[in-house]
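Asks: here is a sequence together with a model predicted from it:
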Amino acid sequence: MAEYVDLAASGDVVEGEAKAFAVGDVEVAVARAGGMLHAFSDICTHRGCNLSMGGEVEGTSIMCECHGSVFSILTGAVENPPATEPIAIYRVRETEAGRIEVEA
């Protein structure tokens, strides 16, 4: 059975923005797009920049501000280079109590 880790209040992640959280040794970003939460690795696979630090969420994509790589926040796939490797995707949920949790 999956174990979920509490990250934040639902209101802490607003539409169109990504916010980073430490989940154990992993840096996970959570973004809200189209009213849905998405969780993914906060580390760009190109040069290791943090995607949530100035990265732009547009629709279901996030662009790394360092070199312009674009990733799908649905699948982790690279949508625009220079990155060639996808980012990890994590299960995320919003509880009835108004909390955001990610699967650890």
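Replies: Structure's in. What do you need?
Asks: residues touching the residue nearest to residue 56 when sequence neighbours are not counted, list them.
Replies: By the measure of C-beta to C-beta, 6 or more residues apart in numbering, the closest residue to residue 56 outside its immediate chain neighbours is residue 63, 4.8 Å from it. Placement of C-beta: from N, CA and C, glycine included. For residue 63, the contacting residues are 55-56, 69-70, 80, taking C-beta atoms under 8 Å, 6 or more residues apart in numbering as the criterion.
Asks: and residue 63, what are its bridge partners?
Replies: residue 56, residue 70 (DSSP bridges).
Asks: quick check: residue 46 vs residue 3, distance?
Replies: Note on residue 46: its distance to residue 3, by C-beta to C-beta, to the nearest Å, is 31 Å.
Asks: more neighbours: these two, which one.
Replies: The residue with more neighbours, out of residue 46 and residue 3, is residue 46; 18 against 7, by other C-beta atoms under 10 Å.
Asks: grab the nearest non-local neighbour of that one.
Replies: In space, and not counting its chain neighbours, residue 46 is closest to residue 83: 3.9 Å by C-beta to C-beta, 6+ apart.
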